[in-house]
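Novice: build me a model from this:
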Amino acid sequence: MTSPFYITTPIYYVNAKPHLGHTYTTIATDVARRFHDMKGSDTFMLTGTDEHGDKIVKAAEKNNVSPREYVDEISRQFEQLWPLLDIHCDRFIRTTEERHIAVVVDILRKIYDSGDIYYAEYEGMYCFDCERFFNERELVDGKCPDHGKEPVSIAESNYFFKMSKYQQWLIDHITENPDFIRPERYRNEVLSFLKEPLEDLCISRPKSRLQWGITLPFDDDYVTYVWFDALINYISALGYPDGENFKKFWPHSHHVVAKDILKPHGIYWPIMLKAAGIDIYKHLLVHGYWNIEHSKMSKSLGNVVDPLYLKETYSTDAIRYFLMREMVFGLDSSFSESVIISRINSDLANDLGNLFSRVLGMFHKYFDSTVPDYAPEMKAEFKLDLKTDAQKAISQFVTAMDNFEFHKALAAVWDYISKMNKYVDVTAPWELAKKKESKNQLAAVICNLLEGLRVVSGLIYPVMPETAVKMQKHLGFAPDSNFHRIEKISQWPQMITNQTLPKSISLFPRIDSDAILTKEEPGEKTLAEPVSPEIEYEDFSKIDLRSARVIHAEKIPKANKLLKLEIDLGDHTRTIVAGIAKFYTPEELVGKSVVMVANLKPAKLMGVQSRGMLLAAVEKEICSVAVLDRDMPPGTRLK
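Specialist: Numbers count the residues shown, from 1 in each chain. Purely as a prediction, here's the structure:
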């Protein structure tokens, strides 16, 4: 009987929109959850948003809205993004929820009553971006290591949590449980920090400076420090203290975080739990940064990547594969679109896609779309069995996934794919098909290849769930809740003799890197085009026409014909570029209910990424944007 598996992302701070850094953490967490589901565990995944603190107030002021309005909008963007990337979370928590606030207040009261929270004067160096005090040894050249800014000296009275009381206990726990923090380099980093005396933690902010937070239960003039609030989400989401999910899943808890929040999760959180009399979590799993031009991807640095752009340009499964294959969990990795394209064309299109197409193509050609029967002794006689290699790949995959070595797990699968490609070349089914006496041998070769593809489809499931289901369908299996289970994948053979399989499809078409990386503004046509040749309805149905509302418009510098439009599509907004600046002012377009092509490949026009196309009629010096004569909800599909 496998143990339950509880895994969490950090709850993301809502001072800016979601970016690739958030996406990597959440996909990695989802991949781990799916893998443990493959092993037969009951799983529970948590993500959410952290919504209190100084930075939220500043971001809201910058956007001329209240903190509540601001956090509602940004939290909505996070919550709606994850399903678009095939991420399944069992609970999305917000720290502004009443249930969460009640748990924070309860734990604050419990620790205060035990004597581990006290009131004192304090003067220290405070980073507003981190929302915490720094000591001198943590600064780099006198600046915050994450934001490159000099902290501000602040002197005020506050409440403090006696972390120093638990320093030796934490050292002992980490030492006695070497896999408590993984990878090892981060365990060593925490132990190195704990060699110095641990300062008590300032856990309050005076309301004279900050009101957007949870009021301390023992002093109405203060709100709690955002980290003391946020970390508690991991148990409040499970229904602490008496909820069934808390009893079932908390003893099997795993936190996934980026290395910039190692200290709060590796020091503050376990000590908070210990002081509150709550069992501490099982594992802390720490990954590195995605770097762009040698700098950490960061909201504050402004070098973030939009995950929706990546999804729409390359597909969800391709991005999930790239992120899991390219980064060694725990180390930093460099992001570039050229590397994404290289991975897609090499690993997905050439290796997996080509193998899938070759095998299914030969199967349909030589066996009239029906799975053949063949003498079992053919496998031994001609040494055609791929089962041993499959078992080796499954074993390596499981070991690597258990260790959060996603890149190694995928490498094991791709090594097996490589062996299958070589197997095709060595056995040469096209030659066997020429000889009647080789019919049994040909059947054995093709059936072994089909079985191998079935194994591959199961192993890629946690990373590429959509592709796994497509492969299963074309191998004649109705993907049920068990097709991806390890014990099911390991059963060989499973192909059903005499079953008819559907025709093959292209899993991952090759990508023209020049078209994506160097696409410039196209020439604009101002004359009506002649009537095009007739097309089938199936071709027309591929065009996704949607109602949309223009919420902002502006001219693009140095582009006389182009306007940059921000479009509301109901569940999200997009930027599109339209060549109508000669005919419309920006003000004329704002508020219009327009029609757009929503599934057009993104293109970069004059440095602006355009994700869609506005419909308009153009005749010489006359232009009319297509608008709806009735008010329809943005995002409604036109039929």
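Novice: for the protein, give me the ranges with low pLDDT.
Specialist: 1, 293-303, 374-384, 481, 515, 517-541, 618-621, 629-631 (pLDDT under 70).
Novice: SS state for the residue nearest to F483 when sequence neighbours are not counted?
Specialist: Once flanking residues are discounted, F483 sits nearest to Q472: 5.6 Å by CB to CB, 6 or more residues apart in numbering. Bear in mind the C-beta positions are built from the backbone N, C-alpha and C, glycine included. For Q472, the assignment made with DSSP: H, G, I helix; E, B strand; the rest coil gives helix.
Novice: tell me the contacts of the closest residue in space to Y13 that isn't next to it in sequence?
Specialist: Closest residue to Y13 apart from its sequence neighbours, by CB to CB, 6+ apart: D50 at 4.8 Å. D50 is in contact with 10-14, 95, 226, 229-230, 233, counting by CB atoms under 8 Å, 6 or more residues apart in numbering.
Novice: which pair of these spans the longest distance?
Specialist: Y12 and D229 (14.2 Å; CB to CB).
Novice: who has more neighbours out of the two?
Specialist: D229 (27 against 22; other CB atoms under 10 Å).
Novice: which strands and helices sit next to the helix or strand hosting the more buried one?
Specialist: Element membership for D229, per DSSP states H and E: helix 226-230. Counting contacts by 3 or more CB pairs under 8 Å, 6 or more residues apart in numbering; DSSP states H and E, helix 226-230 packs against strand 43-50, helix 98-113.
Novice: tilt between the last one and strand 43-50?
Specialist: The one in question is helix 98-113. 80 degrees (axes from the mean of the first three to the mean of the last three CA atoms, to 10 degrees).
Novice: helix 98-113: what's the following helix or strand?
Specialist: Next along from helix 98-113, by DSSP H and E: strand 117-127.
Novice: got a list of contacts for that following strand?
Specialist: Contacts of strand 117-127 (CB under 8 Å, 6+ apart): 108, 111, 132-136, 139, 144, 147, 149, 151-162, 202-203, 218-219.
Novice: which of the residues you listed are buried? Put it as a PyMOL command.
Specialist: If you want just the buried ones from those in PyMOL, going by 16 or more other CB atoms under 10 Å, the selection is:
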select buried, resi 108+111+132+133+134+144+151+158+159+160+161+162+202+203
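Novice: let's see which of the contacts of strand 117-127 end up in helices.
Specialist: When helices are assigned by DSSP state H, the members of the contacts of strand 117-127 inside them are 108, 111.
Novice: show the end-to-end separation of stretch 434-445, please.
Specialist: 14 Å (CA to CA, to the nearest Å).
Novice: mean neighbour count, the helices and strands packed on helix 226-230: which tops it?
Specialist: strand 43-50 (a mean of 24; mean count of other CB atoms under 10 Å).
Novice: for it, output the C-alpha coordinates as CSV.
Specialist: C-alpha atoms of strand 43-50 as CSV (Å, rounded to 0.1, in the frame of the first residue of the first chain):
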residue,chain,number,x,y,z
THR,A,43,-2.2,12.7,-4.1
PHE,A,44,-3.0,16.3,-3.1
MET,A,45,-1.5,19.3,-4.8
LEU,A,46,-1.7,22.8,-3.4
THR,A,47,-0.9,26.2,-4.9
GLY,A,48,-2.3,29.7,-4.5
THR,A,49,-1.5,33.3,-3.9
ASP,A,50,0.1,35.4,-1.1
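Novice: just the buried positions in the following helix or strand past it, please.
Specialist: Using DSSP H and E, the next helix or strand after strand 43-50 towards the C-terminus is helix 54-62. For helix 54-62, a neighbour-count test (16+ other CB under 10 Å) marks 54-57, 59-60 as buried.
Novice: quick check: the gap between the closest residue to D373 other than its chain neighbours and V371.
Specialist: Of all residues not flanking D373 in the chain, T497 sits nearest, at 4.6 Å (CB to CB, 6+ apart). T497 sits at a distance of 6 Å from V371 (criterion: CB to CB, to the nearest Å).
Novice: among these two, which residue is more densely surrounded?
Specialist: Using other CB under 10 Å, the more surrounded residue of T497 and V371 is V371, with 20 against 12.
Novice: find the nearest non-adjacent residue to that one, please.
Specialist: Excluding the flanking residues, the one nearest V371 by CB to CB, 6+ apart is Q499, at 4.9 Å.
Novice: and that neighbour, how far is that from T370?
Specialist: Distance from Q499 to T370, by CB to CB: 7 Å.
Novice: quick one on the thing from earlier: my guess is the residue nearest to F483 meets V456, correct?
Specialist: No. Using CB atoms under 8 Å, Q472 is not in contact with V456, being 10.5 Å away.
Novice: of those two, give the one with the bigger neighbour count.
Specialist: V456 (25 against 20).
Novice: and the host helix or strand of the more buried one, what's buried?
Specialist: Using DSSP H and E, V456 sits within helix 439-459. Within helix 439-459, the residues that count as buried by 16+ other CB under 10 Å are 440-459.
Novice: next: stretch 263-270.
Specialist: 263-270.
Novice: what do you get for stretch 581-593?
Specialist: Buried-residue list, stretch 581-593, by 16+ other CB under 10 Å: 581, 583-584, 589, 592-593.
Novice: same question for stretch 504-512.
Specialist: Buried, per 16+ other CB under 10 Å, within stretch 504-512: 504, 507-508, 511.
Novice: could you single out the nearest of these to F356?
Specialist: L507 (5.5 Å).
Novice: tell me the contacts of the closest one?
Specialist: So L507 contacts 348-349, 352-353, 356-357, 467, 470-471 (CB under 8 Å, 6+ apart).
Novice: again, but for D179
Specialist: D179 sits in contact with H283, where contact means CB under 8 Å, 6+ apart.
Novice: gap between it and H283?
Specialist: 7 Å.
Novice: one step back: who are the neighbours in contact with the residue nearest to V371?
Specialist: 370-371, 476.
Novice: of those residues, which is the nearest to H255?
Specialist: G476 (40.7 Å).
Novice: for the closest one, which three-state class applies?
Specialist: coil.
Novice: next, count neighbours for it.
Specialist: 17.
Novice: list the buried residues in stretch 244-260.
Specialist: 245-246, 249-250, 252-260.
Novice: can you redo the residues you listed as TSV with distance to W169?
Specialist: Shown next, in TSV, are the buried residues of stretch 244-260 (distance: CB to CB, whole Å):
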residue	distance to W169
N245	27
F246	23
F249	24
W250	20
H252	22
S253	19
H254	21
H255	19
V256	24
V257	22
A258	26
K259	24
D260	25
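Novice: okay, these in CSV with secondary structure and distance to V398 next?
Specialist: Shown next, in CSV, are the buried residues of stretch 244-260 (DSSP: H, G, I helix; E, B strand; the rest coil; distance: CB to CB, whole Å):
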residue, secondary structure, distance to V398
N245, helix, 27
F246, helix, 29
F249, helix, 22
W250, helix, 25
H252, helix, 18
S253, strand, 21
H254, strand, 17
H255, strand, 22
V256, strand, 19
V257, strand, 24
A258, strand, 26
K259, helix, 26
D260, helix, 31
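Novice: which of those residues lies closest to D332?
Specialist: K259 (8.6 Å).
Novice: contacting residues for P197?
Specialist: 164, 167.
Novice: run through the neighbouring helices and strands of the helix or strand containing H173.
Specialist: Assessed by DSSP H and E, H173 sits inside helix 167-176. Counting contacts by 3+ CB pairs under 8 Å, 6+ apart, helix 167-176 packs against helix 184-193, helix 269-275.
Novice: now distance to W414 too, for these, in JSON lines please.
Specialist: What follows is the helices and strands packed on helix 167-176, written out as JSON lines (distance: least, CB to CB, whole Å):
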{"stretch": "helix 184-193", "distance to W414": "26"}
{"stretch": "helix 269-275", "distance to W414": "37"}
